[in-house]
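> Structure of the sequence below:
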Amino acid sequence: MADRQIRRGDGVGEHPSPSPSGVPRADVLVEGITVKSISRKALAATLVGAAVAAGAVALSTLTSATAAPQAQPAGQSARIIVGYRVDASAALSDAAATQDAESKTRGRGQGKLLRRLSTGGALIDLGKVDSGTVDSVMAEYRKDPKVAYVEPDLMMQAQAVDPNDPEYAKQWDLFGATAGMNVPGAWDQSTGSGVTVAVIDTGYVAHSDLAAQVVPGYDFISDVNNANDGNGRDSNSADPGDWGAASDCFLGKDHNSSWHGTHVAGTIAAQTNNNNGIAGIAYNAKIQPVRVLGRCGGSTGDIADAITWASGGTVSGVPANPTPAKVINMSLGGQAACATTYQNAINGAVGRGTTVVIAAGNSNMDVANFTPANCNNVVAVASSNRQGNRAFYSNYGAKIDVTAPGGQVREESDPAGSVTTPQHGILSTVNASLTSPTTETLKPYMGTSMAAPHVAGVVALMLAKKATLTPAEVESLLKANTRPLPGTCTGGCGSGLVDTTKTVNAVSGTQPGAVTVANPGNKTGTVGTALTITNSASGGTSPYSWSATGLPAGLSINSGTGTISGTPSAAGTSNVTVTATDSSSPAKTGSASFTITVNPTGGGTCTAQTNGADVSIPDAGAAVTSTITMSGCSGNASATAKVEVHIKHTWRGDLVIDLVAPDGTAYRLKNSSSSDSADNVDATYTVNLSSEVRNGAWKLKVQDVARYDTGNIDTWTLTV
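Numbering: from 1, shown residues only. The predicted structure follows:
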């Protein structure tokens, strides 16, 4: 077979060039845009820390490694926690504790007992006093032989705050409520440590936001003319620039350097919390640049060899890969059937445990006609825009697995190569030069080439949490934990928009010697009918002791066997967590969470419910919700459930309306429309909710996405 040339431009993007003609090439590479620095204020949630015996362990997991616990801020009351010995009257008597506080703080503070903590300690408010007074009062308590301990009521800082990278605020694709990929919520579980991602692309151009992330790669371009670096294959995977003249290759037009591979790499693993540039999705993962695309594109033979080498396979004449990748990203392709050469290389990589993520292509056509995204054993990724629609350029079809943000720096009606909406692109790391490398910069691009690395980054987070995941398991978890596209998709966008936090939550990570509890799955029972649920654990040191939280009334867990049994006495859905504690010292624990739905005897009825409380809708602001809680219902909701909505709002086209099920799944009721200038929403929507349990808290979610018009949720009724 012919050694086919593959380009970023073969259905994977377009490259606006200063030349009047423009060149269909890599994902829209936005040239000449100055990216100004806008700092994003960190969201610092504050928790009151009861730093006592048992409490200190739990709170320590919420404390940032760089944020030490603080005493109460100036101007606020100072508080201390006092633990009495069991034989002290103040250990059980609030009156005695109050009297003791008043005695020990006389002349130094107010000495008021606020409450007893769950640990038995007395929380004492000293009023607005200085630190010296606090120390003096604590010293007084410590002299009392009936006091077991006394300590300040410290303020803990929540760990999950926004990164300090100055351009993070522009990365809507990571955190945007409408069409972002819900990345920040996963960072407290995984940041990609220990995982290498191979970026098979144009190579790597030096950038300060990526330098610490890069491990040695390889240059697989065998054609010296295409390589643009004066030689063929070698161990130098640096990107010299892929600019070229019309006469250089079959493209037929002049084109500028794209720095495509470096842009892709930044999305995956740019350094984060380094006060520089952007935040990467798997910011502790490593990037292995594998160069296959030169000024004329890349050949099938070179790309296949790169797949093999990157995944730890053997390529004749090339040294072994010292750091094989567990994830491969290929933001490249061409219009053709899947070549046997590609499929064999991919099968080999997957067989070695490497997940292969590939961009679907940018021709607004069925991906079945674009390789290598149409090959088997890959994760094929379509692109969505900032509104949550399938991007106008993105390929589609039955072979799409998932969708991720790819951005849109222009509208479909704008001239090819133009840049009219840079704020809707994907911002990442590139070089400012149109030819050979000069100074680093950041630029917004668009394309499925930008969507694929979002997914590759999520895969790195998954594998860092559980290294034993197979490529098949990775693909299954990705597809099972997406959310519906907030907008529209014609032609097929896979299972939906990747939800990073939900996906990483679904990964059962295990550490050596850890206790793992097998999840029994969601269970259903009936009031008055005996129910038994068997639980099992592995790892650690047996035997285990078992406990459970959230059990429905009438059920209990056997602490020795883990079996939940009993006769439910009330209808409803309960969120249950079972925990197994092993016999080692210190003890290890494992847990599993699931739901138990108890239906009423005889099936019960489920009448329509209405919430008539007004909820103001902020102009061009955050989404608001109104809640209806269904209870006493049996089974799942109807395939023809009704949502009657009444909203008072001028220019109703500004509004996006969703119904959010108890499990968090969102069902789009209404999209925004700039041409719908009528006032108010008075409509009844029919929704297929047959996969949802009826009982639970249902939410009507409304967001105003444009300026100048306001209103409120008036009333809504739900029939499930």
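
> which residue ranges form the helices in the stretch 551-700 of the chain?
In the stretch 551-700 of the chain, no helices are defined using DSSP state H, counting those that start in this stretch.

> Over to the stretch 151-300 of the chain?
Counting by DSSP H, counting those that start in this stretch, the helices of the stretch 151-300 of the chain are 172-175, 224-227, 260-269, 300-310.

> which of these is buried the deepest?
Of all these, helix 260-269 carries the top mean neighbour count, a mean of 32, counting by mean count of other Cβ atoms under 10 Å. C-beta here means a position set from N, CA and C on the backbone, and glycine is covered the same way.

> what's the spacing between that one and its chain's center?
18 Å (Cα atoms, centre = their mean, to the nearest Å).

> what packs against it?
Applying 3 or more Cβ pairs under 8 Å, 6 or more residues apart in numbering; DSSP states H and E, we find helix 260-269 packed against strand 196-201, strand 286-291, strand 426-431, strand 440-446, helix 448-465.

> Tabulate those in TSV, adding columns for distance to residue 120 and mean pLDDT.
Below are the helices and strands packed on helix 260-269 laid out as TSV (distance: least, Cβ to Cβ, whole Å; pLDDT from 0 to 100):
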stretch	distance to residue 120	mean pLDDT
strand 196-201	50	97
strand 286-291	48	98
strand 426-431	52	97
strand 440-446	54	96
helix 448-465	36	97
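
> how about those, which one is nearest residue 480?
helix 448-465 (12.1 Å; Cβ to Cβ).

> can you give me the angle that closest one makes with strand 196-201?
170 degrees (axes from the mean of the first three to the mean of the last three Cα atoms, to 10 degrees).

> Now do helix 448-465: which elements does it pack against?
strand 196-201, helix 260-269, strand 327-330, strand 355-359, strand 379-384, strand 402-405, helix 471-480, helix 500-506.

> one more time with 6 Å
helix 260-269, strand 327-330, strand 355-359, strand 379-384, strand 402-405 (3 or more Cβ pairs under 6 Å, 6 or more residues apart in numbering; DSSP states H and E).

> The fourth one packs against which elements?
Spelled out, that is strand 379-384. For strand 379-384, the packing partners by 3+ Cβ pairs under 6 Å, 6+ apart are strand 355-359, strand 402-405, helix 448-465.

> got the CA coordinates for that strand in CSV?
The C-alpha coordinates for strand 379-384 follow below in CSV (Å, rounded to 0.1, in the frame of the first residue of the first chain):
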residue,chain,number,x,y,z
VAL,A,379,-11.0,6.9,21.6
ALA,A,380,-12.3,9.1,18.8
VAL,A,381,-13.1,12.7,20.0
ALA,A,382,-15.5,15.2,18.5
SER,A,383,-15.4,18.9,19.3
SER,A,384,-17.9,21.1,21.1
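
> Residues contacting it, please?
Strand 379-384 has contacts (Cβ atoms under 6 Å, 6 or more residues apart in numbering) with 179, 357-360, 367, 373, 391, 394, 399-401, 403-406, 448, 451-452, 455, 475, 493.

> With distance to residue 702 as added columns, please give the helices and strands packed on helix 448-465 in TSV.
Putting the helices and strands packed on helix 448-465 into TSV (distance: least, Cβ to Cβ, whole Å) gives the following:
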stretch	distance to residue 702
helix 260-269	31
strand 327-330	37
strand 355-359	34
strand 379-384	21
strand 402-405	23
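
> closest to residue 679 out of those?
Taking the helices and strands packed on helix 448-465 one by one with Cβ to Cβ, strand 379-384 is closest: 30.2 Å.

> quick one: that closest one to strand 355-359, angle?
Using the same axes, to 10 degrees: strand 379-384 against strand 355-359 is 30 degrees.

> Pull the distance from strand 379-384 to the chain's centre.
So, by Cα atoms, centre = their mean, the centroid of strand 379-384 is 16 Å from its chain's centroid.

> could you give the mean pLDDT of it?
The predicted model gives strand 379-384 an average pLDDT of 97.

> ok, now stretch 396-406?
So the average pLDDT for stretch 396-406 ends up being 97.

> Mind listing what's buried along that stretch?
Residues of stretch 396-406 classed as buried by neighbour count (16 or more other Cβ atoms under 10 Å): 396, 397, 399, 400, 401, 402, 403, 404, 405, 406.

> And for stretch 515-529?
515, 516, 517, 518, 520, 523, 525, 526, 527.

> hang on, isn't the third one packed against residue 589?
It stands for residue 517. No - between residue 517 and residue 589 there is no contact under Cβ atoms under 6 Å: 8.9 Å.

> shared neighbours of the two, which are they?
With Cβ under 6 Å, 6+ apart, residue 517 and residue 589 have no common neighbours.

> mind putting the helices and strands packed on strand 379-384 in CSV, distance to residue 559 included?
Listed next are the helices and strands packed on strand 379-384 as CSV, based on distance: least, Cβ to Cβ, whole Å:
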stretch, distance to residue 559
strand 355-359, 40
strand 402-405, 42
helix 448-465, 29
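
> Just the C-alphas of stretch 713-720, formatted as CSV.
Taking Å, rounded to 0.1, in the frame of the first residue of the first chain, the C-alpha atoms of stretch 713-720 are listed here in CSV:
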residue,chain,number,x,y,z
ILE,A,713,-38.7,31.7,37.9
ASP,A,714,-42.4,32.2,38.7
THR,A,715,-43.7,28.6,39.1
TRP,A,716,-43.0,25.1,37.8
THR,A,717,-44.7,21.7,38.0
LEU,A,718,-43.1,18.3,37.7
THR,A,719,-45.0,15.1,36.8
VAL,A,720,-42.7,12.1,36.8
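
> ok, and for that stretch, which residues are buried?
Quick answer for stretch 713-720 (16+ other Cβ under 10 Å): 713, 714, 715, 716, 717, 718, 719, 720.

> Residue 78: which of these is nearest?
Distances from residue 78 to the buried residues of stretch 713-720, taken by Cβ to Cβ, are shortest for residue 713, at 42.5 Å.

> Contacts only, for residue 441.
residue 432.

> where in this protein is pLDDT low?
Across the chain, the ranges flagged by pLDDT under 70 are 1-77, 118, 154-162, 250-252, 509-514, 600-605.

> so what are the domain limits for it?
Using automatic domain parsing, the domain parsing of the chain gives 5-38+177-506, 46-157, 516-599, 609-719.

> between those domains, which one is nearest to residue 163?
Taking the domains of the chain one by one with Cβ to Cβ, domain 5-38+177-506 is closest: 4.4 Å.

> now the closest one, how far from the chain's geometric center?
18 Å.

> Please apply the same query to stretch 628-639.
With Cα atoms, centre = their mean as the basis, the mean position of stretch 628-639 lies at 29 Å from the chain mean.

> right, so of the helices and strands packed on strand 379-384, which gets closest to residue 641?
strand 402-405 (25.4 Å).

> hey, C-alpha coordinates of the closest one in PDB?
Extracted C-alpha coordinates of strand 402-405, given in PDB (Å, rounded to 0.1, in the frame of the first residue of the first chain):
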ATOM      1  CA  VAL A 402     -17.000  11.200  23.300                       C
ATOM      2  CA  THR A 403     -17.000  14.900  22.800                       C
ATOM      3  CA  ALA A 404     -14.700  17.500  24.400                       C
ATOM      4  CA  PRO A 405     -14.200  21.300  24.100                       C
END
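
> Which elements pack onto it?
In terms of contacts (3+ Cβ pairs under 6 Å, 6+ apart), strand 402-405 is packed against strand 379-384, helix 448-465.

> Save the ones you listed as TSV, and put in mean neighbour count and distance to residue 629 too.
Rendered in TSV, the data for the helices and strands packed on strand 402-405 read as follows (neighbours: other Cβ atoms under 10 Å; distance: least, Cβ to Cβ, whole Å):
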stretch	mean neighbour count	distance to residue 629
strand 379-384	31	32
helix 448-465	30	33
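
> Nearest to residue 286, out of the ones you listed?
helix 448-465 (9.1 Å).

> Okay, angle between the closest one and helix 471-480 too, please.
Using the same axes, to 10 degrees: helix 448-465 against helix 471-480 is 110 degrees.

> mind listing what residue 412 touches?
By Cβ under 6 Å, 6+ apart, the neighbours of residue 412 are residue 392.

> For it, give me phi and psi.
Residue 412 adopts backbone torsions of phi -60, psi -30, taken as degrees, to the nearest 10.
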